[in-house]
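Undergrad: Coordinates only, no sequence provided:
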């Protein structure tokens with residue numbers, strides 16, 4: 001179901017789904033959304049990170065979508081959850097079958113709306129880590145050149161170009177199985193570590209890597225739904241957000257995830 005709130009939501013509210021000019025926004029259950037002046041919208045829309053620390057758009061992450069007011073929710077087989085799109089005209093609004101809105105909005109208001117868990121800089125989130133497509137886990141790298149020092153290995157691609165100190169490697173098979181280390185290389189195939197894996201790395205061992213690391217790091221979300229961390233995205237040059245990673249779990253294929261909070265810099269309406 002995408003991103004979930006683990007701890008410290010600010011509150012839960014209902015928000016309209018944006019319709020900007022001639023474009024209807026589509027938002028997804030489990031997706032991070034933005035709202036208001038910082039996002040140039042009249043409701044909520046998907047947080048689509050732009051620029052370094054999102055300084056191009058200066059969008060402030062507002063919350064995580066929990067559900068919609070559609071009487072018969074629409075399921076996305078792509079993102080494995082419910083989604084809803086904004087509408088504009090009187091006719092389009094009055095044609096809707098809707099239920100469940102609370103708070104400041106009247107129960108008879110036919111506008112498409114979503115229930116949102118509002119987030120702040122101390123809100124803890126859990127996000128699946130997928131490679132480009134929802135449900136596709138981390139790329140497995142098989143070692144072709146090992147190491148008797150545990151300070152590096154060469155293998156098939158990890159699926160992304162890492163930033164030094166921003167990639168975490170996990171050994172799936174071999175003597176180091178279950179152990180994590182952060183690399184300082186910038187290669188998709190040749191990896192180096194200052195803190196050694198404690199046992200020799202052998203040809204045929206397997207690893208997975210993610211383009212985030214414990215602590216404050218770069219990250220990139222899926223740009224269409226913002227329901228997962230995209231492990232194929234390059235965070236080396238233009239588009240990324242700052243997040244504070246508290247825990248990684250890369251043990252099971254297609255079930256990799258991160259527990260994190262969004263760094264306070266992302267909540268500033270003006271950034272440089």
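TA: Noted; the coordinates are in hand. In this text the structure is predicted, and so the values were computed from the model without any measurement.
Undergrad: I figured residue 257 hits residue 130, correct?
TA: No - contact criterion CB atoms under 8 Å: residue 257 and residue 130 do not qualify, at 9.8 Å. The way it works is simple: take the backbone N, C-alpha and C, and place the C-beta from them, glycine included.
Undergrad: what about the stretch 1-150 of the chain, any weak spots by pLDDT?
TA: Judged against pLDDT under 70, the stretch 1-150 of the chain has no low-scoring part.
Undergrad: Tell me where it has helices.
TA: Remark: helices assigned in the stretch 1-150 of the chain by DSSP state H, counting those that start in this stretch are 90-94.
Undergrad: Which parts of it are strands?
TA: Counting by DSSP state E, counting those that start in this stretch, the stretch 1-150 of the chain has strands at residues 4-7, 11-16, 19-20, 23-24, 26-28, 32-35, 44-46, 61-68, 74-76, 81-85, 113-118, 124-130, 140-145.
Undergrad: quick one: the second one to chain centroid distance?
TA: Counting by CA atoms, centre = their mean, to the nearest Å, strand 11-16 is centred 21 Å from the centre of its parent chain.
Undergrad: do the same with the fifth one
TA: On the basis of CA atoms, centre = their mean, the separation between the geometric centre of strand 26-28 and that of its chain is 14 Å.
Undergrad: okay if I get the strands of the stretch 1-150 of the chain as TSV plus mean neighbour count and distance to residue 261?
TA: Shown next, in TSV, are the strands of the stretch 1-150 of the chain (neighbours: other CB atoms under 10 Å; distance: least, CB to CB, whole Å):
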stretch	mean neighbour count	distance to residue 261
strand 4-7	16	9
strand 11-16	17	17
strand 19-20	18	29
strand 23-24	14	31
strand 26-28	25	21
strand 32-35	25	12
strand 44-46	25	20
strand 61-68	24	11
strand 74-76	13	26
strand 81-85	21	22
strand 113-118	22	14
strand 124-130	21	5
strand 140-145	16	29
